[in-house]
Every structure is written in structure tokens, then in C-alpha cells.
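>>> sequence first, predicted model second:
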Amino acid sequence: GRSDNVFSTWEWAELWWRHFGTRGSLALARIRVGDEVVAVLPLYTARRTGLRIARLVGHGVADQLGPVCDAEHFELALGTLAQTHHADLLLAERLPSEWLTEAVGGSVLRDEASPMISISREGEWEAYLGRRSANFRQQVRRRARKVVGAGVRFRLVSERAQLPTALDALFALHRARWGERSQAFAGQRERFHREFAAIALERHWLRLWMAEADGHPVAAWYGFRFADVDYFYQSGRDPSWDRYRVGAALLEHTMRDAFADGMREYRLLRGDEAYKQRYASETRTVGTVAFARRAAARGLVSLARGLSRAHSGRALLRRAVGG
């Protein structure tokens, strides 16, 4: 909880390990100040392309990673992470960029936008809308009226018995919208999210919203509520309902709900899509940093850094380090 990040929870890490970590070896470390443990470094190591590579537990499916600690100790933990790993290459992915100072060192391979709405600064929903353009306000209100007029109702999944069918609908609607262009729920990832959603429901973290017309799902929104923050993780919609902009209407409904319930933030998570920027009150970034010890590892990092702006460069690095 003090890490302010649902992807730093034991529940996320333990489930990730069972689904994705079996080819590696855990390399957990604790950082102490005096007798107090102030941070945990959730690392694992695996051998790839002749190199011993360390990465953070949770990579791939998590939108933010890093040392597990409160903000007061994050810089200390990150510096320790960089200095004490014993792998040929440490690939630290999706770290909050505000902590990536020159003192940390390493090679920054990529920065990714992570837009969010600071609800605590914006105040009420209507005050937030009032700071946007007149056209923005009109569109939001028009979409809400239009979907209600079309018979669409919003429902939050709250019971365990409802969950499997709701997740089936989420995955089907996501595929209907994105097809093969999205791998968010492909293969093992779908099984991971089915299990995590069940755990999150028990912990009261799950936010799985359905937009339904005559009881039939036409859009779905999947995310989490943790430490007074709402996380928008993924969504899907029926393209035949696009004329009603039902996906946007559902997204805006979840935002209104977060404002009404007094959340601190609404995080749109990674991605610089234009629609996220329209809603965001600020944009943070998460960065991927590599720390190389051997010449072969430095060569790989140098090549990946040179190609990091291109999809081919990122694909090269993923293949080299195992996904």
C-alpha cells in the first residue's frame, strides 16, 4: 500500500511468478535502514543468449514496477538496485521516471507516457468538466444522454458468481475491438487475469464495469481500485455500437464514479493515445533502464538503445531477454 501501486502487491507478484516466472530463479533482496526493512527489491534472474539477466517480477503485464517501498525510500532503493545486482544485465522496466536521476546511472532505453487525472486537485466532477473546453463538456454530456436513450445501463460486477461470465464478455469485446492488434489477454495472459480478477474481487480491488443493452454486454471496462486510486487497465466494445460511442461513455462513467467516491487519482496507465491526453490533468512517464556489467551485455544495450525508438529495436531486446 505504501508503494502506491497495485502492481507492487504480493498478490500480483505471486500470481505472476506462478504464470510467468518458472524459467527463472528468484533473487529477492531487502534494504534496511538500521533494523528496519524499508524496501524489497523483487528481482529474478534467468539465462538468455549466454547472459545472466535480472528483471523485476511482474514485467510484461504490469504498467509500473520498481522497488516495493514508500516514496521516502524509493531513491535509496533504486540506487541500491542499480549497485548491488550481480547479473550480467539488469533490465529494470517501467520505473517511475521522476526517480531516474543521473545518480542512478544506467541507460534509459524507453520512456512511456502514463496519463492520469488528479482528482484531489480537480475537486468535483463538474469542476473538472468546467476546466475543459465547452466542446469537451458538450460531448461528454451528449454521450451520457445518448447511451441512456438507447437503453444502455452500467453495472459493476460485485459477486463471485458473476465474474466468469463478465470476464468472458470482457475478453470477447476486447477481441471484437482490437483483434490480433492487442495481446493484452492473449494465451497465458488471459489465464493470469482470470485468476487475478478473482483475487482482486475478494480484496475489493476489482473494478469490472459492464455496459449492457437489454441485458446483453456491449462494452466492458477492466481495472482496479487500490489505495484510493482507480486504474484503467483494459476495455472492449461491440463495434456495432460505435455510433453511440458506448466505449467512451462507459469510460466517462467510471471517471464520474471515481470522483463521486473520493478517489485521489484516476490513472489511465501507459499510452500516449490522443483520447487519454484529452482526459488527463497531467502525464507522468515510466522508463525502462538497463544496467550492464559485461561487454556483451553493454553491446546488446547499446544496440537496443540505438533502435529503441523503433518497434524493431524493442522487439530485438524482448527476444534477447526472453519476452
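Looks like it came in fine.
>>> which stretches of the stretch 1-150 of the chain have low pLDDT?
For the stretch 1-150 of the chain, the stretches with pLDDT under 70 are 84-85, 101-105.
>>> just give the closest residue to the residue nearest the centre of the chain, not the sequence neighbours.
Among the residues of the chain, the one closest to the centroid is residue 63, at 2.8 Å (Cα atoms, centre = their mean). Excluding the flanking residues, the one nearest residue 63 by Cβ to Cβ, 6 or more residues apart in numbering is residue 269, at 4.5 Å. Bear in mind the C-beta positions are built from the backbone N, C-alpha and C, glycine included.
>>> what is the burial count for that neighbour?
A count of nearby residues for residue 269, using other Cβ atoms under 10 Å, gives 20.
>>> follow-up on the earlier one: hmm, the residue nearest to the centre of the chain is touching residue 271, no?
No - between residue 63 and residue 271 there is no contact under Cβ atoms under 8 Å: 9.2 Å.
>>> quickly list what's touching both of these two.
Residues touching both residue 63 and residue 271 (Cβ atoms under 8 Å, 6 or more residues apart in numbering) are residue 114.
>>> is residue 284 in contact with residue 99, as I believe?
No - between residue 284 and residue 99 there is no contact under Cβ under 8 Å: 11.0 Å.
>>> overlap in contacts of the two?
Common neighbours of residue 284 and residue 99 (Cβ under 8 Å, 6+ apart) do not exist.
>>> give me the helices and strands touching the helix or strand harbouring residue 128, please.
Using DSSP states H and E, residue 128 maps to helix 125-130. Judged by 3 or more Cβ pairs under 8 Å, 6 or more residues apart in numbering; DSSP states H and E, the packing partners of helix 125-130 are helix 134-149, helix 246-260.
>>> list the buried residues for the first one?
I take that to be helix 134-149. By 16 or more other Cβ atoms under 10 Å, the buried positions in helix 134-149 come out as 139, 140, 143, 144, 147.
>>> turn the residues you listed into JSON lines, including distance to residue 187.
Formatted as JSON lines, the buried residues of helix 134-149 follow (distance: Cβ to Cβ, whole Å):
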{"residue": "139", "distance to residue 187": "37"}
{"residue": "140", "distance to residue 187": "36"}
{"residue": "143", "distance to residue 187": "34"}
{"residue": "144", "distance to residue 187": "36"}
{"residue": "147", "distance to residue 187": "33"}
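>>> and the furthest pair within these?
Largest separation among the buried residues of helix 134-149 by Cβ to Cβ: 139 and 147, giving 12.7 Å.
>>> how close does residue 184 get to residue 258?
According to Cβ to Cβ, to the nearest Å, residue 184 stands 21 Å off from residue 258.
>>> can you map out the strands along the stretch 1-150 of the chain?
For the stretch 1-150 of the chain, the strands defined by DSSP state E, counting those that start in this stretch occupy 25-26, 29-33, 36-41, 43-48, 51-56, 89-96, 107-118.
>>> contact partners for the nearest residue to residue 207 once chain neighbours are set aside?
Spatial nearest neighbour of residue 207, chain neighbours left out: residue 223 (4.7 Å); criterion: Cβ to Cβ, 6+ apart. Residues near residue 223 by Cβ under 8 Å, 6+ apart: 207, 208, 230, 231, 232, 233, 234, 254.
>>> among the residues you listed, which lie within strands?
Within those, residues falling in strands by DSSP state E are 207, 208, 230, 231, 232, 233, 234.
>>> so how far is residue 190 from the fifth one?
Put plainly, it is residue 232. Residue 232 is 19 Å from residue 190, by Cβ to Cβ.
>>> who's more crowded, the two?
Per other Cβ under 10 Å, whichever of residue 232 and residue 190 has more neighbours is residue 232, with 25 against 15.
>>> bridging residues for that one?
residue 223 (DSSP bridges).
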